[in-house]
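Undergrad: Using only what follows, build the 3D model:
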Amino acid sequence: LFMNTLSTKVQGSFLPDRFTVESLKYIVISVSLSITWRDLQPNVMPLVCMVLFPMMCHDDKDAELWEDDPQEFIRKTYDVMEDYTSPRVAG
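TA: Below you'll find the model as predicted:
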């Protein structure tokens, strides 16, 4: 369920950042447990390739911020609070 929902974000659908972060945290916990790992294992490559990697890539929004205000881009990239709210950091 979480992986299907997360894949809609990559396709351009709106998904709140908070939901994305919490979904990724849930998946991290699920991977660490052997009983849930068996269910997730067949879907790990699609999760990484189709959800996590696109989330972490430099996108148009990042390029625009870099062009407009490089200092803000760096501040946002290294902001400690982003660790709790950013889907990119959670990925």
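Undergrad: ok, Val44 - how many residues close by?
TA: 14 (other CB atoms under 10 Å). The C-beta positions use only the backbone N, C-alpha and C, and glycine is treated the same way.
Undergrad: cool, Met55 as well?
TA: For Met55, using other CB under 10 Å, the count is 19.
Undergrad: low pLDDT regions in the chain?
TA: 1-2, 80-91 (pLDDT under 70).
Undergrad: Could you identify the helix or strand that succeeds the biggest helix by length in it?
TA: Criterion DSSP state H: the longest helix present in the chain is helix 17-32. Counting by DSSP states H and E, the element after helix 17-32 in chain order, helix or strand, is helix 34-40.
Undergrad: Now do the buried residues in the helix or strand that that next one is followed by.
TA: Sequence-wise, the next helix or strand downstream of helix 34-40 (DSSP H and E) is helix 44-47. Using 16 or more other CB atoms under 10 Å as the test for burial, helix 44-47 gives Leu47.
Undergrad: Now find how far off-centre the next helix or strand after helix 44-47 is within its chain.
TA: Toward the C-terminal end, the helix or strand that comes next after helix 44-47 (DSSP H and E) is helix 53-56. Centroid separation for helix 53-56 versus its chain: 6 Å, with CA atoms, centre = their mean, to the nearest Å.
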